[in-house]
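Colleague: fold the following.
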Amino acid sequence: MSSRTVHSSNDQETEAKEMDNNGQGERYIHKVSVPPKQKLFKEFTMTVKETFFADDPLRPFKDQSKSRKVVLGVQAIFPILEWSRNYSFKKFRGDIIAGLTIASLCIPQDIGYAKLANLPPQYGLYSSFVPPLIYAIMGSSRDIAIGPVAVVSLLLGTLLQNEIDHTTHPAEYLRLAFTATFFAGITQATLGILRLGFLIDFLSHAAVVGFMGGAAITIALQQLKGFFGIKDFTKKTDIISVMHSVFGSVHHGWNWQTIVIGASFLAFLLVAKYIGKKNKKLFWMPAIAPLISVILSTFLVYITRADEKGVAIVKHLEKGINPSSVNQIYFSGEYLGKGFKIGIVAGMIALTEAIAIGRTFASMKDYTLDGNKEMVALGAMNVVGSMTSCYVATGSFSRSAVNYMAGCNTAVSNIVMSGVVFLTLEFITPLFKYTPNAILSAIIINAVINLIDVQAAILIWKIDKFDFVACMGAFFGVVFSSVEIGLLIAVSISFAKILLQVTRPRTALLGKIPRTTVYRNIQQYPDATKVPGVLIVRVDSAIYFSNSNYVKERILRWLTDEEERIMAADLPAIHYLIVEMSPVTDIDTSGIHALEELYRSLQKREVQLILANPGPVVIDKLHEAKFETLIGDDKIFLTVADAVAACSPKLVEEV
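Modeller: Just a heads-up that it's a prediction; the model follows:
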């Protein structure tokens, strides 16, 4: 006998057992079971495990010897010890090409980004020397290119400037920058060690898109000072103040030589970027274009002496590698608290950007990225960076994209980049003396254009209008006020969405899909039919103190609306209200109390409350609260179909 025949026979026996003893073919109804009681400690440990250790990080240590566990533990902290064992010359060839390519991009960018942070240009280069080395040892991403980034540089510069004026107190400003970097690293490492990485997910994707777009426009507007050669420029970042400053100095502040240099090389950079996008094999063109621009513009200014005609230049750029800055960090005094607050904000934004970039490229290459390890690595590199004259560094999207396109295989590309920056600091920095500020402005404008993601904003509008409000709120907050206001709006709207979804969960009326025993939302399935005398409502959320009263009132409102409809249509009155509880993942005492109140309200209307398919957590709590005794054991069913089958025969007799 075949297996198919056996299964068919078993199914027939099961169906036969589901018939009643009288042979009348009544539907067999399975009772909802109360799960076995869990021990409190076991339940608590399971909750903690799922909250903080959902990725089961200790799995590799299972059934290993003590010595092997030690090795695995060291490799977990320093992933380089694991992947370096299989490193080959072929991989090194790809990494060295990628490292040289991103170095050519990072050197001019770093000088410009340091100016965004109101710091001397060498500090941008410092931040692309030490942090990438630390990350290469501790980081788990193969593709992230580490260094200063535009958004974090602007944010840090704005927040620091609010506390100390960099022009009148440069030494104190620099010390506060190192202090903020130190606490940014501490924040990042702490989140990773305590496995609190889920906190950065509270900043929604839509809010990040809006914030990044607004920051990109703000950064580009800030570069108009160097692009037009304006000396007296507003310290505010909002678009109105900036444009007033730009057009207010048209007749006495603009320098035509500076504009020619800036516009010419910006056009060159944009054309190179366009060619790189059109032909993927020419990805190196937009990567090397900034360095070519710097070399050519510096040479032109030097031979024409354009600096004597009003073209602003970099002038002095400190030679030599990072000096120690341990004794410059504020560990006491009034600036300690200010550095701590600025560091937390900058650290969180830097972390959000780096994790997003890392996950993007990890998915493209099909490998897993441990978010908590990344946080520890990023935190460690910023802590060390703060002690070696660096400011906040993180993953750069533009450099990481170039790194990926150039064929990087491991984090060795970061080491190569760091080596090139080292050689630059030791031998080449004097050559940047005649580099015009206009070319740095053009490079930054070209770099931040990619942060304005119009297609993502359009997609957000199509998918979720509330997300679009969050996106635009963050965008306009940054553009018309300041970076910190835009960030505050982004976080506030993200939290508001969470609160709205928690306090106002969705509910739906269900109807029967024709020729099935399936019950679905009648708005999604207009051909689904309502059962006469029965109202079926589904609650699409856990029922907590924050929404329990709303859920009760919304169900009663569904009932009132339905009663008015059937009265007008002269249909049978409603005698049963079935609450489909499949999506209700949890319930608390307030939720149970709301169900009790709902039950009493329905009793007054002569409507019977019935529950369908409560989950294990919910039925356990209802059992402990004696709720099933209140409404009756026979009023809780495994499916909506079972509940309707139990109600309909009585209704037919009454009709």
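Colleague: so Asn382 belongs to a strand, correct?
Modeller: No: judged by DSSP: H, G, I helix; E, B strand; the rest coil, Asn382 forms no part of a strand; its state is helix.
Colleague: what is the longest helix along the chain packed up against?
Modeller: Of all segments of type helix in the chain, defined using DSSP state H, the longest is helix 334-365. Here helix 334-365 touches helix 150-163, helix 170-193, helix 371-386, strand 394-396, helix 397-405, helix 483-503, going by 3 or more C-beta pairs under 8 Å, 6 or more residues apart in numbering; DSSP states H and E. (Each C-beta comes from the backbone N, C-alpha and C, glycine too.)
Colleague: looking at the ones you listed, which one is packed in the most?
Modeller: Sort those by mean neighbour count, taking mean count of other C-beta atoms under 10 Å, and strand 394-396 sits at the top with a mean of 29.
Colleague: could you check how far the longest helix of the chain is from the centre of its chain?
Modeller: Put simply, helix 334-365 sits 11 Å off its chain's centre (C-alpha atoms, centre = their mean, to the nearest Å).
Colleague: do the same with stretch 279-293
Modeller: Per C-alpha atoms, centre = their mean, the centroid offset for stretch 279-293 relative to its chain is 29 Å.
Colleague: can I get the helices and strands packed on helix 334-365 in JSON lines including distance to Ile543?
Modeller: Formatted as JSON lines, those follow (distance: least, C-beta to C-beta, whole Å):
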{"stretch": "helix 150-163", "distance to Ile543": "40"}
{"stretch": "helix 170-193", "distance to Ile543": "31"}
{"stretch": "helix 371-386", "distance to Ile543": "31"}
{"stretch": "strand 394-396", "distance to Ile543": "41"}
{"stretch": "helix 397-405", "distance to Ile543": "41"}
{"stretch": "helix 483-503", "distance to Ile543": "11"}
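Colleague: any idea how far the residue positioned nearest the centre of the chain is from Ala496?
Modeller: The chain has Asp201 as the residue nearest its centroid, 4.8 Å off, counting by C-alpha atoms, centre = their mean. The gap separating Asp201 from Ala496 is 16 Å, by C-beta to C-beta, to the nearest Å.
Colleague: now the angle between helix 170-193 and the longest helix of the chain, please.
Modeller: 50 degrees (axes from the mean of the first three to the mean of the last three C-alpha atoms, to 10 degrees).
Colleague: what angle do helix 483-503 and helix 334-365 make with each other?
Modeller: Using the same axes, to 10 degrees: helix 334-365 against helix 483-503 is 60 degrees.
Colleague: all further residue positions should be reported with the first residue as 49.
Modeller: New numbering, starting at 49: the last item is helix 382-413.
Colleague: burial of the residue lying closest to Arg586 once chain neighbours are set aside, as a residue count?
Modeller: In space, and not counting its chain neighbours, Arg586 is closest to Glu628: 4.0 Å by C-beta to C-beta, 6 or more residues apart in numbering. By the criterion of other C-beta atoms under 10 Å, Glu628 has 24 neighbours.
Colleague: my guess is Glu628 contacts Leu583, does it?
Modeller: No: counting by C-beta atoms under 8 Å, Glu628 stays clear of Leu583, with 11.1 Å between them.
Colleague: doesn't Phe316 fall inside a helix?
Modeller: Yes: assignment of Phe316 by three-state DSSP places it within a helix.
Colleague: for it, what are its contacts?
Modeller: 337, 341 (C-beta atoms under 8 Å, 6 or more residues apart in numbering).
Colleague: over to Phe231?
Modeller: By C-beta under 8 Å, 6+ apart, the contact list for Phe231 reads 387-388, 390-392, 395.
Colleague: dump those into CSV; add distance to Val122 as well.
Modeller: As requested, the contacts of Phe231 are exported to CSV (distance: C-beta to C-beta, whole Å):
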residue, distance to Val122
Gly387, 32
Phe388, 31
Ile390, 34
Gly391, 29
Ile392, 30
Gly395, 26
